[in-house]
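Participant: this one's structure only:
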């Protein structure tokens, strides 16, 4: 009986102890958090601890723990938590715990319950990289999450982590700390951005570097600047010397990184004699270098397809040229190296090039050599100019970089190593969207038949993803037009999509016939009409009174339109407009006139690429808001 009571006592005590661990009465997840953070933050990091250990020349370790609150679900909070892995990685342990607002644990997920996904898709031949992840349950905020893991890596010390304690807008941090334990002799380089230099200490043979932030209040990006490095603290880490499987190299400068890439690519240009003959037959003796390069590029596009390779060192080493020629596929590295090898057979020099690709990707840190690249392209110097070839696209115009790789520092690899070069920056004369509009009104109803003719040049071919539109079916093309036309109550009568040209500065064209209801509004004996709705700038009104960050206009462009309205003899424009605004940020011009039975509106907007200091915000604000105000103006058509 005593033993039985003793067991009951132990059970009850254990239950109470467990309950107290998971739920402390009177305590909530909001304890000791300032009201200023609770009011507007979407996410608050209570405590983050990131320990990175350089064990030796071939091994590293990560120990990570993050304790944070989700106060509001939005685009700025995570839907899942993940750990990246590859063949070099061993995830030792991982755990996710979720607590409700009363600090009671409601879910615990250990590593065995993490889902697994390889980075493969329909375009992937093979891969061993992927992620273990946990989807955040559909819980109504607020709630708390504790996420922790330990990861070992062996055989690949080329990629040290980036520490970014604040990742998104509306994220606040109470405390976050990075510690790096270097057990080697001076094999760590670092770059501190928006944060003080580290505290450095020594324990026996280990050098310890420590960065910390406390009480970081959330930030909202300012218009015309979404560069994270202008707002958030971060630390870049990289080794001086590294190993990637059987390859050892240095990373102290860009030249040494280029030499490492040369090692990976060595002896991989191994066409058979028959293949060489086939390639030489693609050109004629009358072709100049430009024509030869273009013919080789066309052959590439017509005879190969892109696949992704995520398998071991294959993530960095291209397939052999002979293999690509036979199999007719490859990833960005393989197809770029294949194109380089074909040009070499013709005696044309070209250079394998690494780039951090992406439309809104930040440029690499030029003063901090590292392997932070995600794509390969080909650099072909020709007497007229340097041609940049995107070798993974079957439809890209010859020499077109596009917003994916334009205007950024890339690592061009030559025989002596690597050097940084800037890719092509498209100016406003190359990026033009021109819209010619003919309107035939029915003033009795306010309706109108409208013909819109649109011409796109340079980066403008990417406007609303027009670039690939010609290769889609009519149904998708019509859907695209319905999405981009900023009109109400209209029907598409007919349309025509012209494929993008193959020029280095490509051109696109489409036209559409519409019937629009109530586009002219009756106002007494007059009619109201708003002409500048067909070619909008996409600007939003600037309302902020102060500015902290730089103003960044990423790319120059021109929008221009001519609107011709056919009217009867008794209709005229009540008041013509003639306005011009010039500034260092660009220009804006609008004018109108009547010629016979046509009322014509002409508009031109030019924005000039640049980085402008916050001190110029008021001028920039006036420039943008004036354009929006003028574009929104309604004109009176009078009868009599």
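Facilitator: Great, that's in hand. This structure is a prediction, so every number in the text was calculated from the model and none was measured.
Participant: Please name the nearest non-neighbouring residue to the spatially most central residue of the chain.
Facilitator: The residue at the geometric middle of the chain, judged as the C-alpha nearest the mean C-alpha position with C-alpha atoms, centre = their mean, is residue 360 (3.7 Å). In space, and not counting its chain neighbours, residue 360 is closest to residue 226: 6.9 Å by C-beta to C-beta, 6 or more residues apart in numbering. C-betas here are computed from N, CA, C, even on glycine.
Participant: Count residues in the vicinity of the one you found, would you?
Facilitator: Applying the criterion other C-beta atoms under 10 Å, we find 15 residues in the vicinity of residue 226.
Participant: so it sits in a strand?
Facilitator: No. In this structure, residue 226 is coil, not part of a strand, as judged by DSSP: H, G, I helix; E, B strand; the rest coil.
Participant: pretty sure the residue nearest to the centre of the chain is touching residue 225, no?
Facilitator: No. Using C-beta atoms under 8 Å, residue 360 makes no contact with residue 225, being 11.6 Å away.
Participant: Now do residue 373 against residue 240, distance only.
Facilitator: The gap separating residue 373 from residue 240 is 19 Å, by C-beta to C-beta, to the nearest Å.
Participant: Same question for residue 198.
Facilitator: Applying C-beta to C-beta to residue 198 and residue 240 gives a distance of 17 Å.
Participant: Give the burial count for the closest residue to residue 487 other than its chain neighbours, as a bare number.
Facilitator: Counting by C-beta to C-beta, 6+ apart, residue 487 lies nearest to residue 516, which is 5.7 Å off, once chain neighbours are set aside. Residues near residue 516, counting by other C-beta under 10 Å, number 19.
Participant: Looks like residue 516 contacts residue 486 (just checking).
Facilitator: No. Between residue 516 and residue 486 no contact is recorded; they are 11.2 Å apart, counting by C-beta under 8 Å.
Participant: gap between the residue nearest to the centre of the chain and residue 293?
Facilitator: When C-beta to C-beta is the yardstick, residue 360 and residue 293 sit 30 Å from each other.
Participant: Pretty sure residue 637 is one of the things residue 567 touches, is it not?
Facilitator: Yes. Distance between residue 567 and residue 637: 7.2 Å, which falls inside the contact criterion (C-beta under 8 Å).
Participant: between those two, what contacts are shared?
Facilitator: Common neighbours of residue 567 and residue 637 are listed as residue 599 (criterion: C-beta atoms under 8 Å, 6 or more residues apart in numbering).
Participant: can you give me the helices in this structure?
Facilitator: Counting by DSSP state H, the chain forms helices over residues 2-22, 35-40, 254-265, 273-280, 289-303, 321-327, 332-345, 402-405, 474-484, 617-631, given from the N-terminal end onward.
Participant: Looking at the longest one now, give me its mean pLDDT.
Facilitator: Averaging pLDDT along helix 2-22 gives 42.
Participant: ok, now stretch 427-436?
Facilitator: The model assigns stretch 427-436 a mean pLDDT of 96.
Participant: now do stretch 247-256
Facilitator: Stretch 247-256 comes out with an average pLDDT of 95.
Participant: now swap in stretch 530-549 and tell me
Facilitator: Model confidence over stretch 530-549 averages 92 on the pLDDT scale.
Participant: ok, residue 621 touching residue 542?
Facilitator: Yes. Counting by C-beta under 8 Å, a contact exists between residue 621 and residue 542, whose distance comes to 4.3 Å.
Participant: Give me the neighbour count for the residue lying closest to residue 259 once chain neighbours are set aside.
Facilitator: The shortest distance from residue 259 to any non-neighbouring residue, by C-beta to C-beta, 6+ apart, is to residue 417 (4.5 Å). Residue crowding around residue 417 was assessed by other C-beta under 10 Å; the count is 18.
Participant: which one is residue 416 nearest to, not counting chain neighbours?
Facilitator: With C-beta to C-beta, 6+ apart, the residue lying closest to residue 416 is residue 255, at 7.0 Å.
Participant: which residues touch the one you found?
Facilitator: With the criterion set at C-beta under 8 Å, 6+ apart, residue 255 makes contact with 416, 417, 418, 419.
Participant: would you list these in CSV and tack on pLDDT and distance to residue 249?
Facilitator: As requested, the contacts of residue 255 are exported to CSV (pLDDT from 0 to 100; distance: C-beta to C-beta, whole Å):
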residue, pLDDT, distance to residue 249
416, 93, 15
417, 96, 11
418, 96, 11
419, 97, 16
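Participant: Just to be sure, which of those are found in strands?
Facilitator: Secondary structure from DSSP state E places 417, 418, 419 of the contacts of residue 255 in strands.
Participant: Considering the residues you listed, which is situated nearest to residue 36?
Facilitator: Each of the ones in strands among the contacts of residue 255 was checked against residue 36 using C-beta to C-beta; the closest is residue 418, at 47.4 Å.
Participant: Any idea how many residues pack against residue 603?
Facilitator: When neighbours are counted by other C-beta under 10 Å, residue 603 comes out with 24.
Participant: no no, residue 41
Facilitator: Using other C-beta under 10 Å, residue 41 is surrounded by 23 other residues.
Participant: again with the one 5 residues further on
Facilitator: For residue 46, the number of neighbouring residues by other C-beta under 10 Å comes to 20.
Participant: Let's see the distance spanning stretch 210-226 from one end to the other.
Facilitator: Criterion C-alpha to C-alpha, to the nearest Å; first-to-last residue distance in stretch 210-226 is 28 Å.
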